[in-house]
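In: Test case, fold it:
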Amino acid sequence: MNVSLKALGITVLVASTTIAGAALAASHMENPMVGGAAMLREKNIIENAVNSADHTTLVAAVQAAGLVETLQGEGPFTVFAPTNEAFAALPEGTVETLLKPENKDQLVKILTCHVVAADVMSADLIGMINDDGGMHAIPTVGGCTLEASLDGDMVAITDEQGGVAHVTIADVKQSNGVIHVVDKVLLPAM
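Out: Purely as a prediction, here's the structure:
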């Protein structure tokens, strides 16, 4: 009888270890790759962003704005993360001008208009859009108000200048929030 109880105990231990291992593996697999890199749920927004080949301009801008420590903080944050192509689509010389120390305040304003002080997954955002009749206002850390809507099956984010970004990769879970990759830089009213 002792042998059977011991065998049962080992079977339960093996089964629970297998289930825990599978759950851990699944949690890593849930995040999409971004910029050719794995986005690990246990890392924060900055720790993951620096590994994305598609977000080198955003990382440089966050560093120039002095926002690294903030975005490594506890959060939760939702970041609409523009790609390098989104920054390249700005008028020629804009990025270089914004990265100059004398333009830090303007850069901070633009970047913080991409950040929401909440953990908002795409299903929740779509629910808010639907509950609000097709358009949901999103207040940002930078004091901007973005408008979320649906454009077909994509979430569209309209900035204060009327520019529209689309979420191209949603729900990239971080230890301190979530990233939604967007195809346009969101700009505050000037």
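
In: Looking at the protein, which strand is longest?
Out: Ranked by residue count, the top strand of the chain under DSSP state E comes out as strand 164-174.

In: and the angle from whatever helix or strand comes next after it to strand 164-174?
Out: Next along the chain after strand 164-174, taking DSSP states H and E as the criterion, comes strand 177-182. If you take axes from the mean of the first three to the mean of the last three CA atoms, to 10 degrees, strand 177-182 sits at 150 degrees to strand 164-174.

In: and strand 177-182, what other elements does it pack with?
Out: helix 45-49, strand 77-82, strand 164-174 (3 or more CB pairs under 8 Å, 6 or more residues apart in numbering; DSSP states H and E). (C-beta placed from N, C-alpha, C; glycine too.)

In: mind listing the strands for the chain?
Out: So, for the chain - with DSSP E - the strands run 77-82, 115-116, 136-139, 145-151, 154-158, 164-174, 177-182.

In: could I get those as a markdown table with distance to A189?
Out: What follows is the strands of the chain, written out as a markdown table (distance: least, CB to CB, whole Å):
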| stretch | distance to A189 |
| --- | --- |
| strand 77-82 | 17 |
| strand 115-116 | 17 |
| strand 136-139 | 14 |
| strand 145-151 | 9 |
| strand 154-158 | 12 |
| strand 164-174 | 15 |
| strand 177-182 | 18 |
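
In: mind checking which of those is nearest G127?
Out: strand 136-139 (9.1 Å; CB to CB).

In: What residues sit buried inside that closest one?
Out: Neighbour counts using 16 or more other CB atoms under 10 Å place 136, 138 of strand 136-139 among the buried residues.

In: try stretch 147-157
Out: Buried-residue list, stretch 147-157, by 16+ other CB under 10 Å: 147-148, 155-157.

In: Quickly name whichever of those residues is closest to V50.
Out: Of these, the one sitting nearest to V50 (CB to CB) turns out to be I157, at 23.5 Å.

In: my guess is that closest one contacts T168, does it?
Out: No - assessed by CB atoms under 8 Å, I157 is found out of contact with T168, at 11.3 Å.

In: what residues do the two have in common as contacts?
Out: V182 (CB atoms under 8 Å, 6 or more residues apart in numbering).

In: So L58 sits against F87, correct?
Out: Yes - contact criterion CB under 8 Å: L58 and F87 qualify, at 7.1 Å.

In: Between these two, which is the more surrounded one?
Out: L58 (23 against 19; other CB atoms under 10 Å).

In: Endpoint to endpoint, stretch 104-122 covers what distance?
Out: This stretch, stretch 104-122, spans 31 Å end to end (CA to CA, to the nearest Å).

In: For that stretch, what does the pLDDT average out to?
Out: Averaged over stretch 104-122, pLDDT sits at 96.

In: Number the chain from 181, please
Out: Sure, I'll start counting at 181 from here, so that last one is stretch 284-302.
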